[in-house]
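[1] Got a predicted model here, sequence first, then my questions.
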Amino acid sequence: MSYSYNKLWKLLIDRNLTKEDLRKLIKASPTTIAAMGRGEGISPKVLERICLMLQVQPSDIVEYVPSPNELPDEQIKQYIDDYFRNYDRFRHDEKITHTVKELLSIAKERMLYPDAELRRMISRCS
């Protein structure tokens with residue numbers, strides 16, 4: 001899941017509206033509402049219609065929820081490689097380093113790097 005619309009669902013409850021009411025209000029398909037229920041992204045146009053009709057900002061209704069486990073192997077390797085290529089710039093940022101540690105853990109599970117190289121990278125992040 002990449003997105004959480006829990007804030008939107010709570011807002012609908014607070015305003016005594018249903019998902020079907022929202023769908024009709026913003027002229028969206030049932031497929032769009034179902035995709036939101038699964039935490040999938042929506043088009044900027046749909047987001048714009050929701051914000052306009054409910055008089056809210058995007059941050060009032062949707063949150064990005066990162067899911068590193070869902071990333072493909074090549075993307076995980078790219079993020080890790082970019083981090084170490086720019087290590088001096090990023091090593092002091094705790095959030096970035098934390099994310100890279102998560103990615104290294106996934107890389108270890110998926111055996112994306114030789115053991116010696118992976119151990120070296122993990123020790124640099126410690």
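    Done, it's in. Keep in mind it's a predicted model, so treat the numbers as computed, not measured. Residues are numbered from 1 along each chain as shown.

[2] Run through the residues that contact residue 29.
    residue 23 (C-beta atoms under 8 Å, 6 or more residues apart in numbering). For every residue, glycine as well, the C-beta is placed using N, CA and C.

[3] any idea how far residue 5 is from it?
    To residue 5, residue 29 is 16 Å away according to C-beta to C-beta, to the nearest Å.

[4] and if you look at residue 65?
    Counting by C-beta to C-beta - residue 65 and residue 5 are separated by 10 Å.

[5] In terms of neighbours, single out the busier of those two.
    residue 5 (22 against 11; other C-beta atoms under 10 Å).

[6] Help me confirm that that one comes into contact with residue 41.
    No. If you go by C-beta atoms under 8 Å, residue 5 and residue 41 don't touch, sitting 10.5 Å apart.

[7] Helices of this protein, start to end?
    6-14, 19-26, 30-37, 44-54, 58-61, 73-85, 87-90, 94-110, 115-125 (DSSP state H).

[8] what number of residues lie near residue 61?
    21.

[9] Leaving out the residues flanking it, which one is nearest to it?
    Residue nearest to residue 61 in three dimensions, not counting chain neighbours: residue 8, with 3.9 Å by C-beta to C-beta, 6 or more residues apart in numbering.

[10] Would you map out the domains in this structure?
    3-64, 68-125 (automatic domain parsing).

[11] And the last one, end to end?
    Looking back up the chat, that one is domain 68-125. 17 Å (C-alpha to C-alpha, to the nearest Å).

[12] Repeat that for stretch 3-17.
    End residues of stretch 3-17 are separated by 21 Å (C-alpha to C-alpha).

[13] So which bits of that stretch are buried?
    The neighbour-count check on stretch 3-17 (16 or more other C-beta atoms under 10 Å) flags 3, 5, 8, 11-12 as buried.

[14] Out of these, which is nearest to residue 50?
    Distance ranking of those against residue 50, using C-beta to C-beta, places residue 8 first at 7.2 Å.

[15] Distance of that closest one relative to residue 117?
    From residue 8 to residue 117 the distance is 43 Å (C-beta to C-beta).

[16] go on, residue 50?
    Residue 50 is 46 Å from residue 117, by C-beta to C-beta.
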